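Enquirer: any chance you can model this:
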Amino acid sequence: MRYIFGLLMGFAVFAFAACGDGGCADPVDVAGEWEVTSTVVSDNCDGRENQTFLMTITQDANALTAETPELTFNGTICGNQLQMTGSFPEDGGTVTVNGTLVVSEDGSSMEGSDGWTWTDGVESCFGSDSLSASRI
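Expert: I've put the predicted structure just below:
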C-alpha cells in the first residue's frame, strides 16, 4: 500500500510559516484528538486511496507531535498555520511529505493539502492530497 500515509504529511515534521516581520504569531491550540480525511488529488504511483484515520496531537507552545497508530511526526504551528515536512519508510522506499493546514477560527477543524514523493533510490513517483480534520 505505497503512500498510504502520504496524506500525513499533513502532519509530518511541521515548519513555521513566517508571519509579517519574520516573527511567528501566537499558536492556536491544536492539542487533542483529530479525525483526518485525506482525499487523493493526484497520484502518478497508482494505488493510493482516500482514507480517514485518527491522530493525536500534543503541543508545547509552537512545537507539535502528531501520532497515528502507525506513525509519529514532529512539527510546529505559527498562528493558525501548520506547515509540515517529514518522511517514513514504505514499500522498500521512503515517502517524503510536505503539507500545509489552516486551523478554523473556532479551532474545531483544519483544512489543507500535502504533496508527497516516494523513492527507492532508483524509481520515484509523487502525488498530492487534500486534507480535512475535525477535533473529536
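Enquirer: ok, Ser87 touching Thr94?
Expert: Yes: counting by CB atoms under 8 Å, Ser87 touches Thr94, with 5.3 Å between them. All C-beta spots, glycine's among them, are computed from the backbone N, C-alpha and C.
Enquirer: what's across from Thr100 in the sheet?
Expert: For Thr100, the beta-bridge partners under DSSP bridges are Gln83, Ser113.
Enquirer: show me what contacts it?
Expert: Listed by CB atoms under 8 Å, 6 or more residues apart in numbering, the contact partners of Thr100 are 17, 81-84, 112-114.
Enquirer: pick the one among the residues you listed closest to Gln51.
Expert: Using CB to CB, Asp114 comes nearest to Gln51 of these, at 12.6 Å.
Enquirer: if I look at that closest one, how far off is Ala25?
Expert: Applying CB to CB, to the nearest Å, the value for Asp114 to Ala25 is 22 Å.
Enquirer: where do the helices of the protein begin and end?
Expert: With helices called from DSSP state H, the chain shows none.
Enquirer: so where is it shaky, pLDDT-wise?
Expert: By pLDDT under 70, the weakly predicted segments of the chain are 1-22.
Enquirer: rerun at 80
Expert: For the chain, applying pLDDT under 80 flags the ranges 1-23, 47, 69-73, 83-86.
Enquirer: okay, now Ser109: neighbour count?
Expert: Neighbourhood size, Ser109 [other CB atoms under 10 Å]: 16.
Enquirer: and Asp114 and Ala25? which has more neighbours close in?
Expert: Asp114 (25 against 15).
Enquirer: is it true that the more buried one touches Gly86?
Expert: No: the criterion here is CB under 8 Å, and Asp114 misses it with Gly86 at 10.1 Å.
Enquirer: alright, I will stop here.
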